[in-house]
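> Give me a 3D structure for the following:
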Amino acid sequence: MNYRLEKLNRMMSLTNIVLVLAGTTTALMAGLFYAWSCSVNLGLAKLSDEGYLTAMQEINRAILNPVFFAGFFGALVLLPLSAYLHYGEPLQLKFWLLVAAALCYIIGTFGVTIFGNVPLNNALDVFDLKSATAEAMRAQRIGFEATWNSLNTVRAVTSTLAIVLVIIACLYPTGVQTHN
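Below you'll find the model as predicted:
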């Protein structure tokens, strides 16, 4: 009985809880960006310029909610925290996998969002559809859609790579050291 309780206590350690939460939030973000790339963007592409711009304005406003922020910022905080909690001497491969996952997410997902997608979203948000001509709408869409979709593909790939690295870290046995 004590063995089972001891095993449960190890499984429920702060380090493991943070690792599970880091993996969960990262997986949620990878799924979101993947779904956009392989379905939402394809459907939006079929809309008229006005329909597309209206939809993107509304979606970009609606996504700014606590549920999205919990996953988006959760992965940003929990991945590096999980790596930190796995730091120790000697250095374990699990630590380096989690560092790599954190960097993939911080640079390729969070960074691309903040410095790429968000400025595009902000520019689109102030675009006045009610007074815009058809030519202005076409120009706005041309300046937005392809770049935004490309940046979203980067986010889908990097967040997916981050979760793959987290999964590998979870599967890697504790005690496997890196070579100095």
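> shaky segments in the protein?
For the chain, the stretches with pLDDT under 70 are 1-11, 174-180.
> by contact count, what packs against the helix or strand hosting residue 121?
For residue 121, the element it lies in under DSSP states H and E is helix 118-125. Applying 3 or more Cβ pairs under 8 Å, 6 or more residues apart in numbering; DSSP states H and E, one finds that helix 118-125 contacts helix 49-62, helix 134-171. Using the backbone N, CA and C atoms, a C-beta is placed for each residue, glycine as well.
> I figured residue 25 hits residue 69, correct?
No - counting by Cβ atoms under 8 Å, residue 25 stays clear of residue 69, with 10.6 Å between them.
> So between those two, which is more surrounded?
The residue with more neighbours, out of residue 25 and residue 69, is residue 25; 23 against 11, by other Cβ atoms under 10 Å.
> So what touches the helix or strand hosting that one?
Secondary structure assigned from DSSP H and E places residue 25 in helix 14-35. Contacting residues not belonging to helix 14-35 are listed as 10, 68, 70-72, 74-75, 78-79, 81-82, 85-86, 98, 101, 105, 109, 152, 155-156, 159-160, 162-163, 166-167, 169-170 [Cβ atoms under 8 Å, 6 or more residues apart in numbering].
> do the same with stretch 100-107
Under the criterion Cβ under 8 Å, 6+ apart, residues 22, 26, 29, 75-76, 79-80, 82-83, 158-159, 161-163, 165-166, 169 lie in contact with stretch 100-107.
> What residues of that stretch count as buried?
Of the residues in stretch 100-107, 100-106 count as buried by neighbour count, 16 or more other Cβ atoms under 10 Å.
> tell me how far the ends of that stretch are from each other?
End-to-end distance of stretch 100-107: 11 Å, with Cα to Cα, to the nearest Å as the criterion.
> Quick check: chain neighbours aside, which residue is closest to residue 49?
The shortest distance from residue 49 to any non-neighbouring residue, by Cβ to Cβ, 6 or more residues apart in numbering, is to residue 137 (4.2 Å).
> Closest to the centroid, which residue in this protein?
Most central in the chain under Cα atoms, centre = their mean is residue 29, positioned 3.9 Å from the mean C-alpha point.
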